[in-house]
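Novice: The amino acid sequence is not available; the structure is as follows:
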């Protein structure tokens, strides 16, 4: 389970992803909690897209 210390920073990462910005635009120092929160916000959508829907495999 990921622990997010700053929802504001998480939302910044999510917004960056939605705007098409690269993950390298993370403005926070590598290894910091802020950086981790930003990356979590940026990448969370990827995990949601990997979840198969009810009709997954229907066209196989």
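Specialist: Now that the structure is in, tell me what you want to look at. Because the structure is predicted, anything quoted here is derived from the model rather than measured.
Novice: And for residue 32, the neighbour number?
Specialist: Burial of residue 32 is recorded as 13 neighbouring residues (other Cβ atoms under 10 Å). C-betas here are computed from N, CA, C, even on glycine.
Novice: Repeat that for residue 13.
Specialist: There are 26 residues near residue 13, going by other Cβ under 10 Å.
Novice: show me what contacts it?
Specialist: 26, 37-43 (Cβ atoms under 8 Å, 6 or more residues apart in numbering).
Novice: host element of the closest residue to residue 34 other than its chain neighbours?
Specialist: If you skip the residues right next to it in sequence, residue 34 has residue 28 as its closest partner in space, 3.9 Å away by Cβ to Cβ, 6 or more residues apart in numbering. Using DSSP states H and E, residue 28 falls within no helix or strand.
Novice: ok, now residue 16?
Specialist: Using DSSP H and E, residue 16 falls in helix 7-18.
Novice: buried ones in that helix?
Specialist: Of the residues in helix 7-18, those scored as buried under the neighbour-count criterion (16 or more other Cβ atoms under 10 Å) are 9-10, 12-14, 16-17.
Novice: And for stretch 17-34?
Specialist: Per 16+ other Cβ under 10 Å, stretch 17-34 contains these buried residues: 17, 26, 28, 34.
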